[in-house]
Structures are given as structure tokens and as C-alpha cells.
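Engineer: Just a sequence and a predicted model for now, questions to come.
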Amino acid sequence: MQLDHDQLHKLLALLGESDIQELRLEGDDFRLEVRRNLPGAPPQVMQAPMAAALPAAPVAMAAAAAQSPSVPPPAAPAVRGDLLEITAPMVATFYRSPAPGEPSFVEVGARITSGQTVCILEAMKLMNELESEVSGEVVEILVENGTPVEFGQVLMRVKPG
């Protein structure tokens, strides 16, 4: 089964007009899960590639389309004005260390410099090192190791300096 960009868009539009709360669709090279309006959980769209995968753009579009305007995005912890945020540039799985059992790239209290690797984001079986664009002290790490993250989600907060 193949699912192109237009088909995904039409499917999400139809789901938005229906009372369906959960949908799982699997093909030879993809799996798509859509959940919405579940008690106590924010809407989610997840894709886990099995072999060759669809381009990342439909996943980002699916995430945006799955969240209806009436459902607010998940609330982030209170932001201090003196802190800079390191955010996820893609939908991925967050890893704090280069491999299981190895030390984390950074810990709370660590000093980082611009260009330093702070985590790995795994997307579609590709490991992407995320380099800091800021220098300073890591004061918060907001994501647990091995947790899925969304585009724009705050991963860490850094006190510049």
C-alpha cells in the first residue's frame, strides 16, 4: 500500500469531520497512528518506518492537521525570561547519549558551547546529532531519554553566559 501527500491530506480531512478517535493504518513501508481527544492525553500523530519510508513532510503536515483549533497544544513548563531554549527541529525520538550505557552528552549544570552536540534525534532510523546554537549552562532538560518529541518542542533550557 502506498500513501502519497494528497491521500494523507484527504484522509486527515475526513478524520477531522468524523467521530473517529483513533486510527491505525499500516502499509508495506509505513505505519500511521492518529489519536485525538483522548482523556488526559494530547492529540498525537506517530509514524514508525518499517523499510523505505515516506518523506518527513507528510508527518509534519499530519501532526498539524491532527490537532484541531479547539484543542490547545500541551502546556510547557513556565518559562524564565533569562533562559534560552533548545528545541527539536523535527519529529523524532530523543536520546541523551550516543549509545545505551554511554554517558549523556550533557547534564543539568553542564556548561555548553555553540556547536557542541547536546543530544541525538532519531528520525526514520537516522541518527541526527543536535548541536547547540547557544553557549551557557544547562539548567533544565525537559525530555526523558527515549521519548518521542515533536517539531518545535523545548528539549532543554540554557542560561546564557
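Structural biologist: Structure's in. What do you need?
Engineer: Which stretches in this protein count as helices?
Structural biologist: 5-17, 56-66 (DSSP state H).
Engineer: Point out where the protein drops to low pLDDT.
Structural biologist: For the chain, applying pLDDT under 70 flags the ranges 1-3, 36-80.
Engineer: Strands of that one, start to end?
Structural biologist: 22-26, 31-35, 44-47, 84-87, 92-95, 111-112, 117-123, 126-131, 136-141, 147-149, 154-160 (DSSP state E).
Engineer: could the ones you listed go into a markdown table alongside distance to Gly101?
Structural biologist: Just so you know, the C-beta spots here come from the backbone N, C-alpha and C atoms, and that holds for glycine as well. A markdown table is the format used below for the strands of the chain (distance: least, CB to CB, whole Å):
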| stretch | distance to Gly101 |
| --- | --- |
| strand 22-26 | 32 |
| strand 31-35 | 29 |
| strand 44-47 | 26 |
| strand 84-87 | 24 |
| strand 92-95 | 12 |
| strand 111-112 | 22 |
| strand 117-123 | 14 |
| strand 126-131 | 16 |
| strand 136-141 | 19 |
| strand 147-149 | 18 |
| strand 154-160 | 21 |
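Engineer: Tell me which of those sits nearest to Leu12.
Structural biologist: strand 31-35 (7.4 Å; CB to CB).
Engineer: elements contacting that closest one?
Structural biologist: helix 5-17, strand 22-26, strand 44-47, helix 56-66 (3 or more CB pairs under 8 Å, 6 or more residues apart in numbering; DSSP states H and E).
Engineer: What residues sit buried inside that strand?
Structural biologist: By 16 or more other CB atoms under 10 Å, the buried positions in strand 31-35 come out as Leu32, Val34, Arg35.
Engineer: just stretch 144-159 next, same as before
Structural biologist: Quick answer for stretch 144-159 (16+ other CB under 10 Å): Val149, Glu150, Gln153, Val154, Leu155, Met156, Arg157, Val158.
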